[in-house]
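Novice: Sequence isn't available, so here's the structure alone:
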């Protein structure tokens, strides 16, 4: 609860900071300090929390150790994000304070999604998380592509919100309650068709939010069109937030009904993997490749939702962190380069050996090579699927797709190390950048060697 | 405790080597001398005893930092240490681009390979399996021949797909016996061997495919000749003398005891594939003119014989395989060293353009003859005893076609003599290649080859140490 309040206050403060402080640099410093404070509040709340979950607002919110832990990790990723890309955020436009205010509001949405206990709260969380994104996607006003991305995102987002609302309504009609625990009493063999339709609507709506195939069509255009620093945020932490809401709903409310939706969601996961991986192979721009790879990674995260067991929660947590950290790292490097195609990476190892090395570690993590966080993340979600017992075909399929993903990820490594070229940098790489990227790199490896540190007690 | 040093020493030396620049090779030499010392000490005490060491790691996953060396593991660690040392000695005078990174990656791959031979925990084993692969990928792609990037990538994808399948199999097995040590070797063996036969049969392929690609067994071998040809020779040595043994070793440690009924069911299939591989690769070796490709195909043929014996399910076959793993590693490393010297001096590996080495570089020619004879398993060279036992095992196997298998595999020996002797004749004898002044062995090359040849002859005349070392391990695998 403290974190939700703190994030809201920080958002408001930052909005006003835009009026009061004109110097972009001090605004950014102010924002980073506030985010660090927020991270501190998260840790404080986590340390204070007992084993008993905190039920708030007439059972609207249920803050337990898991939601606090997840919120803490996502805030940590946001701090890392702010530290790594604040220079690029400054370049997007003049309203720097507002950008960080919007990011802070997105965090409020993520906290709500990690701890809602009522479908209305879920709806609020999704909206609080989505609306700032529509603005962020269109924040580069001079750029037509950015405006297009914003409009497209808004239309698709509004559409999926409609579907979400519809699903909630149908479930309310079936049970007379918005409470997520109310649905656990539904009997699998006497399921009301209205409730079943409601579950399907929710599945589709979440499919949109996490860009699962075939509801993924908006993703590449939006990720490509939006200003790169915000793409980095949208494709990582926001996606993780949507996923934790997804998992919470299906694991808490609908786990008992899994025979009705498991196969559908398993097929969606397989389709997402196939579409994301195969299409990513054909991309020439690394930014677009990362957009498709984010779809592919969403396919793996769906494993956790499909499997609905204890390992799912751990898998989702570590996947969210490992994927976010590595992707933010790659984006941070990408933004230093002028040319965002694969050729733009040619010869980076000669020009900036440290940068190339860090990128290699991030890429290895995204590809799921052992001793990086990405491996442990994939391992946990696969473990969840194997433990489920019915999904072994999906596991084998996922492994084959992971092998395909090596192809497009390694193209970056090949360009950096084995091709000649003189990559142009848009900003000089300062030693602070190197230290920060090195720290990110260390996090990625720490996750691969000691995942228990990031799973905590959940 | 001593076991962890075998991995940590090259690992740390490798990491430091990246910063060391030109001093990388000194670091590499010192590190490999130290590891050789440890491995030698370990081997001396491992004939009848196993050394173990373990530490808690990720209890949630049921995995431990657990190492174990029995006779076979110790012997292969010794092989790794010897081969790396010889490689570093012979390459002492060679200029490489970015020596720090080169030697760093070599040492990292050594750490990975040693880890594979020592791991007593399936997930740890998988980690080392990949740790060995990644540095080799970078080594080949950066320092290799013209077509290195696509070729190495093909190799990487092949082995990566294999290891992912193996991972799926291992996860499945570990879930049979959950707990804090679910991945330990003992648990995996218990879980696997108590599975119903039908499940063992498909778990067998999940795991075996990774090993079959690494060995490589026909029809999973297509990455191999290209990769051997395009890699820089020190890396080819790592690939063929050491990484190939990872596949063999893993079959003996992580497959045959784990899914015994699966192995029993599929052994004839694997033997047939292996024997096809022997004949097919030997025939291809005969028509090669490139030295590297010739040796690459000959390596496939040897691997075929070894994997056939591994699946013969006889004690003598498995025992012979262990001995042969060591000897083949030594011999093939020797052959590659000579090839690299030839390439360095005459600027070509094409046998049609070579000849007369015996006139211009007699010491090198003598070495080539001795190593080649060991490669075709002439008595009194180290190749003989292993190959003899392999055939013995194949002959004794329970399969009703054992006689046929042995005869066809025996054909491989004859074909092996054809291409090896042909190679010797075309490179060492005949007219000297004119207008090229060549030097005989330099001091460091002399030392490197002397180690190889000494091992060939000593172990050929008196193979007892190797046989004693591995006897217990063989009797554990096939009682």
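Specialist: Arrived safely. Since the structure is predicted, the reported quantities are computational estimates derived from the model, not experimental observations.
Novice: What's the local residue count around the closest residue to chain A within the stretch 251-400 of chain B?
Specialist: Here the stretch 251-400 of chain B gets closest to chain A at one residue, residue B:254, 16.1 Å apart by Cβ to the nearest Cβ. (Glycine included, C-beta is placed from N, CA and C.) Burial of residue B:254 is recorded as 28 neighbouring residues (other Cβ atoms under 10 Å in any protein chain shown).
Novice: Looking at the closest residue to residue B:257 other than its chain neighbours now. What's its pLDDT?
Specialist: Counting by Cβ to Cβ, 6 or more residues apart in numbering or on different chains, residue B:189 is the residue found nearest to residue B:257 once chain neighbours are left out, at 5.1 Å. Listed pLDDT for residue B:189 reads 90.
Novice: how close does residue B:189 sit to residue B:65?
Specialist: 19 Å (Cβ to Cβ, to the nearest Å).
Novice: More neighbours: which of these two?
Specialist: Between residue B:189 and residue B:65, residue B:189 has the larger neighbour count (other Cβ under 10 Å), namely 18 against 15.
Novice: How about the contacts made by residue B:344?
Specialist: Shown in contact with residue B:344 (Cβ atoms under 8 Å, 6 or more residues apart in numbering or on different chains): residue B:94.
Novice: Which of the helices or strands spans it?
Specialist: Per DSSP states H and E: residue B:344 is located in helix B:315-346.
Novice: show me where the stretch 151-300 of chain A has helices.
Specialist: Listed in chain order, the helices of the stretch 151-300 of chain A (DSSP state H, counting those that start in this stretch) span A:193-209, A:218-225, A:228-233, A:239-248, A:258-281, A:286-307.
Novice: ditto for the stretch 1-150 of chain B
Specialist: Secondary structure of the stretch 1-150 of chain B by DSSP H, counting those that start in this stretch: the helices cover B:2-20, B:24-44, B:71-90, B:99-118, B:122-143, B:148-176.
Novice: and residue B:55, how many neighbours does it have?
Specialist: 9.
Novice: any idea how far the residue nearest to it when sequence neighbours are not counted is from chain A?
Specialist: Nearest residue to residue B:55 in three dimensions, chain neighbours excluded: residue B:65, at 4.3 Å (Cβ to Cβ, 6+ apart). Look at residue B:65 and chain A: by Cβ to the nearest Cβ, to the nearest Å, they are 10 Å apart.
Novice: Can you point out the buried residues in the helix or strand of chain B with the lowest mean pLDDT?
Specialist: Lowest mean confidence among the helices and strands of chain B (mean pLDDT, DSSP states H and E): helix B:357-360, at a mean of 80. Within helix B:357-360, the residues scored as buried using 16 or more other Cβ atoms under 10 Å in any protein chain shown are B:357-358, B:360.
Novice: Beyond that helix, next helix or strand please.
Specialist: Downstream of helix B:357-360, the next assigned helix or strand under DSSP H and E is helix B:362-375.
Novice: which helices and strands does the helix or strand following that following helix pack with?
Specialist: Downstream of helix B:362-375, the next assigned helix or strand under DSSP H and E is helix B:382-396. Packing partners of helix B:382-396 (3 or more Cβ pairs under 8 Å, 6 or more residues apart in numbering or on different chains; DSSP states H and E): helix B:291-310, helix B:315-346, helix B:362-375, helix B:402-428, helix B:443-461.
Novice: Swap in 6 Å and give it another go.
Specialist: Packing partners of helix B:382-396 (3 or more Cβ pairs under 6 Å, 6 or more residues apart in numbering or on different chains; DSSP states H and E): helix B:291-310, helix B:315-346, helix B:402-428, helix B:443-461.
Novice: Tell me which of these is the most buried.
Specialist: helix B:291-310 (a mean of 27; mean count of other Cβ atoms under 10 Å in any protein chain shown).
Novice: And the pLDDT for residue 162?
Specialist: I went with chain A, as the question did not name one. 94.
Novice: Switch to chain B, please.
Specialist: 90.
Novice: Contact partners for it?
Specialist: With contact set as Cβ atoms under 6 Å, 6 or more residues apart in numbering or on different chains, residue B:162 has these partners: B:209-210, B:213.
Novice: where does chain A have low pLDDT?
Specialist: A:458 (pLDDT under 70).
Novice: Burial check on residue 128, number of neighbours?
Specialist: Went with chain A since none was named. Counted with other Cβ under 10 Å, residues neighbouring residue A:128 total 20.
Novice: actually it's chain B I care about, not the one you picked
Specialist: Around residue B:128 there are 23 other residues, counting by other Cβ under 10 Å.
Novice: Surely it and residue B:114 touch.
Specialist: No - Residue B:128 lies out of contact with residue B:114 (Cβ atoms under 6 Å); the separation is 8.0 Å.
Novice: related to what we said a few turns ago, show me what the least confident helix or strand of chain B is packed against.
Specialist: Using 3+ Cβ pairs under 6 Å, 6+ apart: helix B:357-360 touches helix B:362-375, helix B:402-428.
Novice: which residues touch residue 218?
Specialist: Here I'm looking at chain A. Residue A:218 sits in contact with A:152, A:156, where contact means Cβ under 6 Å, 6+ apart.
Novice: nope, chain B please
Specialist: Neighbouring residues of residue B:218 by Cβ under 6 Å, 6+ apart: B:273, B:276-277, B:280.
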